[in-house]
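Colleague: What would the 3D arrangement of this be:
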Amino acid sequence: MQTFDYIYRAAAEVGRDNKEKFLFSPKPREWTYFTWYKHIIQTAKEEYNCKLCLVKETKWTNISDELKQQIKEGH
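Modeller: Numbering: from 1, shown residues only. Predicted coordinates:
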């Protein structure tokens, strides 16, 4: 399992919660949450050669139904 411990070194503004083990974006300024989602996917691919994907165990926390649907359709 990939842990992305050093993803911050990519200087791509992608963060990692060390306790809960998840990646996150800053609060959107110019970009939408969906654009940040795609950016995180791309950064993981470029920096770790890792393809992130949704699974049935994916935990959705504080995600609107609209954004969740957008993410699911964007795959």
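
Colleague: Now whichever helix in the chain runs longest: buried residues?
Modeller: Longest helix in the chain, counting residues (DSSP state H): helix 33-48. Under the neighbour-count criterion of 16 or more other C-beta atoms under 10 Å, helix 33-48 has Y33, W36, Y37, I40, I41, T43, A44 buried. Every residue, glycine included, has its C-beta placed from N, CA and C.

Colleague: for the second one, what are its contacts?
Modeller: W36 sits next to S25, P26, P28 when contact means C-beta atoms under 8 Å, 6 or more residues apart in numbering.

Colleague: Please indicate which of those has the highest neighbour count?
Modeller: Within these, neighbour counts (other C-beta atoms under 10 Å) peak at S25, which reaches 17 neighbours.

Colleague: I figured that one hits T32, correct?
Modeller: No - in this structure, S25 is not within contact of T32 by C-beta atoms under 8 Å, at 10.1 Å.

Colleague: which one is Q70 nearest to, not counting chain neighbours?
Modeller: In space, and not counting its chain neighbours, Q70 is closest to F34: 5.1 Å by C-beta to C-beta, 6 or more residues apart in numbering.

Colleague: my bad, P26
Modeller: With sequence-adjacent residues excluded and distances taken as C-beta to C-beta, 6+ apart, P26 is closest to E13, at 5.6 Å.

Colleague: For the residue nearest to Q70, give me its contacts.
Modeller: By C-beta under 8 Å, 6+ apart, the residues touching F34 are L67, Q70, I71, G74.

Colleague: Kindly report the same for Y8.
Modeller: V14, G15, R16.

Colleague: Can you turn the buried part of the residues you listed into a ChimeraX selection?
Modeller: Buried residues among these (16+ other C-beta under 10 Å), as a ChimeraX selection:
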select :14
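
Colleague: Shouldn't Q69 be within a helix?
Modeller: Yes - counting by DSSP: H, G, I helix; E, B strand; the rest coil, Q69 is found in a helix.

Colleague: how close does the residue nearest to R9 when sequence neighbours are not counted get to D5?
Modeller: Of all residues not flanking R9 in the chain, E47 sits nearest, at 7.8 Å (C-beta to C-beta, 6+ apart). Plainly put, E47 is 11 Å away from D5 if you go by C-beta to C-beta, to the nearest Å.
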